[in-house]
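Novice: Okay, here's the prediction I keep looking at, along with the sequence it came from:
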Amino acid sequence: MSNDPKVRDPIISAEDANEFAGLYGHHFNEGPFIPLYNPAGNEHIRQGNNNSFLVMGRDRDGTGIDGMGGQGGTSCGMIDLIVGLGGHDYKEKIKKMKQKGEDPDVSDREIDPSFIHDTARIYLTEKGHIDSYFGLAQGSEVAKASKFKSAVGIKADHTRIIGREHVKIVAGKMLLQDGGTYGERNSGGGKLEYSGKIDLIAGNHTGNEGGKLFNIFGSSAGNATKAKLQPIPKGNNLKAVLVLLMDALTTLSNMAVNNTKWLQQFINMFQSHIHESNVPFGPTTPPVATAIAIMPTWIDCWKNWMDGLILNFNIAVNRIVYLTPSFSTYINSRFVNTT
């Protein structure tokens, strides 16, 4: 390759001179269907034979006037790894030209990088606006949070992050010993005073979503608007509060069973009660002895009342402990959100 940074590696014009051309990794000449990278400024470009590129230069997400590099920004170095420059649209353009009998020249084949059309890329920038380049939803961050920040973006039809033993996705500064008052700073020298957040966004949309509410008869009972991006529950905290809820339901059930048992005993007692004469309103057999025998003791009543009082107190306390974000036992994550 020439020392001139604008000169690209030559594409082999002929297939490998053997019977395996195109097979077992041997070169296959795809002619004009392989585009040429349109260099900007002093970019250094390494181009392979099969639409693969390694570009080193200044931040840009399109033409030479785009990105921090195009706007004259400083400290905005970038590395762009691309396969499939131009993607499907470029190939369709060349196909149509050939169908018309036109022979694509250099100007037809020379194209700028495109975060929309290129097949796959890994993009590293010292200073850019990665959310804008890749067209990403805002998520839980403030607007334009990625502007003028360093970033790495990975895009393809399918993306995998694989660890044979472990994978960590971390948002936050390094754990440092003797790191000063604020420890690690961001790429612009700014303080990292707050923990970063992690957003898992399916569909690239984080606005509110609405839906109809229905009652037991199936008719509409109004509209409900909920945030699409919501915090992920923390498993152990959620498990703890569910155990407490089940214990509360058990206590409430036992109280209901006791009340039902006592009520049934009183009903049975009065059903067995008879008149001693033929006069409808004459004297009756006094059920006092029976009533005394079956009625709950004051201790039973007091215990049932105390169980109810304790249950209400525990529910009030647990509502605060598990449903208030300032407590460590809060059932939702404060930093991880998903759609």
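Specialist: Structure's in. What do you need? Residues are numbered from 1 along each chain as shown.

Novice: Which pLDDT does the model give residue 9?
Specialist: For residue 9, the pLDDT comes out at 47.

Novice: now swap in the one 4 residues further on and tell me
Specialist: Per-residue confidence (pLDDT) for residue 13: 47.

Novice: and if you look at residue 5?
Specialist: We have a pLDDT of 44 for residue 5.

Novice: what about residue 332, neighbour count?
Specialist: Residues near residue 332, counting by other CB atoms under 10 Å, number 17. Quick note: C-beta positions are derived from backbone N, CA and C, even for glycine.

Novice: Start the count at 738 instead of 1 going forward.
Specialist: Got it, first residue is 738 now, which makes that one residue 1069.

Novice: in the sheet, who's paired with the residue nearest to it when sequence neighbours are not counted?
Specialist: Of all residues beyond its chain neighbours, the one nearest residue 1069 is residue 968 (3.9 Å), with distances taken as CB to CB, 6 or more residues apart in numbering. In this entry, residue 968 is beta-bridged to residue 1074, by DSSP bridges.

Novice: which stretches of the chain form helices?
Specialist: Taking DSSP state H, the helices of the chain run over residues 804-807, 824-836, 843-846, 867-871, 972-1008, 1025-1031, 1035-1060.

Novice: Where does the prediction get shaky in the chain?
Specialist: 738-757, 916-917, 950, 955-960, 1006-1033 (pLDDT under 70).

Novice: same thing but 50
Specialist: 738-740, 742-744, 746-747, 749-750 (pLDDT under 50).

Novice: Please report the distance of the residue nearest the centre of the chain from residue 850.
Specialist: Taking CA atoms, centre = their mean as the criterion, residue 937 is the residue nearest the geometric centre of the chain, at 1.2 Å. Distance, residue 937 to residue 850, using CB to CB, to the nearest Å: 27 Å.

Novice: can you check residue 1058 too?
Specialist: As judged by CB to CB, residue 1058 and residue 850 stand 52 Å apart.

Novice: What of residue 969?
Specialist: Distance from residue 969 to residue 850, by CB to CB: 35 Å.

Novice: Looking at the two, which is more packed in?
Specialist: residue 850 (24 against 14).

Novice: Could you count how many residues lie near the nearest residue to the residue nearest to the centre of the chain once chain neighbours are set aside?
Specialist: Nearest in space to residue 937, with sequence neighbours left out and distances taken as CB to CB, 6+ apart, is residue 1075 at 4.1 Å. Neighbours of residue 1075 under the rule other CB under 10 Å: 14.

Novice: hang on, residue 1075 packs against residue 969?
Specialist: Yes: counting by CB atoms under 8 Å, residue 969 is a contact partner of residue 1075 at 5.4 Å.

Novice: what touches both of the two?
Specialist: residue 937 (CB atoms under 8 Å, 6 or more residues apart in numbering).

Novice: ok, the closest residue to residue 936 other than its chain neighbours - contacts?
Specialist: Take residue 936 and drop its neighbours on the chain: the residue closest to it by CB to CB, 6+ apart is residue 876, 3.8 Å away. Counting by CB under 8 Å, 6+ apart, residue 876 makes contact with 934, 936, 938, 943, 966, 1074.

Novice: Can you show me the strands along the stretch 838-987 of the chain?
Specialist: Counting by DSSP state E, counting those that start in this stretch, the stretch 838-987 of the chain has strands at residues 847-848, 857-866, 884-892, 935-937, 945-951, 957-964, 967-970.

Novice: Any buried residues in the longest one, and which?
Specialist: Neighbour-count burial for strand 857-866, with 16 or more other CB atoms under 10 Å as criterion, is recorded at 857-858, 860-866.

Novice: Would you mind confirming that residue 850 makes contact with residue 794?
Specialist: No: applying CB under 8 Å as the test, residue 850 and residue 794 come out as separate, 10.3 Å apart.

Novice: Overlap in contacts, those two.
Specialist: Residues within reach of residue 850 and of residue 794 at once, by CB under 8 Å, 6+ apart, are residue 817.

Novice: Next, the contact list for residue 831, please.
Specialist: 769-770, 841, 845-846.

Novice: before we move on, the earlier item: OK, contacts around the residue nearest to the centre of the chain?
Specialist: Contacts for residue 937 (CB under 8 Å, 6+ apart) come out as 969, 1073-1076.
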